[in-house]
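S.K.: Fold the following and give me the result.
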Amino acid sequence: MIMELDDLKESWKQTGQANNKNTDIMELIQHKSYGPVAALKREFRKQMVVMAIMPFLLISTNLNNVNNVFTSVLFWSYVILCIGLITFGYVNYRLAGKMEIMDGDLKSNLNQQINVLETRLQWKMIGLRVALIFFAVLFEVVPYFQHYRMLDKWHSLPIAARYATYAALLILQYFLSRRVNERKYGTHLTYLKKLANEIQ
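M.R.: Reported below is the predicted structural model:
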């Protein structure tokens with residue numbers, strides 16, 4: 001009887017320690033100013049703000065020729081890309097926000113949210129590569145329909161030089177996007193995984 005009571009006390013003590021540890025971890029995750037979730041939300045917010053500003057910056061640099069900007073296929077294609085990235089940032093911002101109010105099985109829910117974010121960020125990198133290829137095609141095709149001084153100068157270069165530049169940009173974007181993705185999001189997601197594994 002005494003041994004059973006001691007076992008019960010020990011079990012209760014361990015449960016209490018586990019609960020305290022889980023509470024500490026969740027407090028870190030849910031903190032509004034610091035911690036991995038707060039950092040992720042900041043990055044997604046920055047992405048939305050920057051992408052919202054970019055089209056207006058393009059317009060401001062062409063104030064003496066605004067009509068041409070608004071009839072430009074390149075401009076509207078860029079606007080669509082910005083809207084896509086804003087939407088992507090907002091959806092991920094909302095998902096990161098859900099990590100702050102999770103209930104139920106904390107560990108499995110947290111791991112599930114992390115996996116979804118990782119998958120989405122992979123798709124983002126692929127999407128940006130596709131967008132770069134799309135804009136390279138536009139740069140080659142648009143001068144046949146609309147004339148821009150910049151593109152006319154670009155097309156005065158040999159076709160081999162233009163294609164080599166596109167290939168170099170694609171390779172640079174591949175490595176740069178991976179590095180930026182890791183710095184902005186990857187480190188925080190790795191830390192979240194570590195915290196999720198510590199939840200008992």
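
S.K.: okay, which residue is most central for the protein?
M.R.: Per CA atoms, centre = their mean, the C-alpha nearest to the average position across the chain is that of L121, at 5.4 Å.

S.K.: How is it assigned, secondary-structure-wise?
M.R.: Classification of L121 into helix, strand or coil gives helix, according to DSSP: H, G, I helix; E, B strand; the rest coil.

S.K.: That one contacts R178, doesn't it?
M.R.: No: L121 is not in contact with R178 according to CB atoms under 8 Å; the separation is 10.3 Å. C-betas here are computed from N, CA, C, even on glycine.

S.K.: Quick check: what element follows the lowest-mean-pLDDT helix or strand in the chain along the chain?
M.R.: Using mean pLDDT, DSSP states H and E, the weakest-scoring helix or strand in the chain turns out to be helix 2-30, at a mean of 54. Counting by DSSP states H and E, the element after helix 2-30 in chain order, helix or strand, is helix 36-60.

S.K.: Which elements pack onto that following helix?
M.R.: Counting contacts by 3 or more CB pairs under 8 Å, 6 or more residues apart in numbering; DSSP states H and E, helix 36-60 is packed against helix 2-30, helix 66-70, helix 73-98, helix 187-198.

S.K.: mind redoing it with 6 Å?
M.R.: When contacts are defined as 3 or more CB pairs under 6 Å, 6 or more residues apart in numbering; DSSP states H and E, helix 36-60 sits against helix 73-98, helix 187-198.

S.K.: what's next to stretch 149-167, contact-wise?
M.R.: Counting by CB atoms under 6 Å, 6 or more residues apart in numbering, the neighbours of stretch 149-167 from elsewhere in the structure are A136, P143.

S.K.: still on that earlier bit, could you measure from the residue nearest to the centre of the chain over to Y148?
M.R.: Taking CB to CB, to the nearest Å as the criterion, L121 is separated from Y148 by 34 Å.

S.K.: How about R183?
M.R.: Between R183 and Y148 the distance, using CB to CB, works out to 34 Å.

S.K.: Just want to know which of these two has more residues nearby.
M.R.: Y148 (16 against 11; other CB atoms under 10 Å).

S.K.: Could you check how far the more buried one is from K124?
M.R.: Between Y148 and K124 the distance, using CB to CB, works out to 29 Å.

S.K.: before we move on, what about V130?
M.R.: The gap separating V130 from K124 is 11 Å, by CB to CB.

S.K.: of the two, who's got more company?
M.R.: Per other CB under 10 Å, whichever of V130 and K124 has more neighbours is K124, with 19 against 10.

S.K.: Excluding residues flanking it in the chain, which one is nearest the more buried one?
M.R.: For K124, the nearest residue in space outside its immediate sequence neighbours is F88; the separation is 6.2 Å by CB to CB, 6 or more residues apart in numbering.
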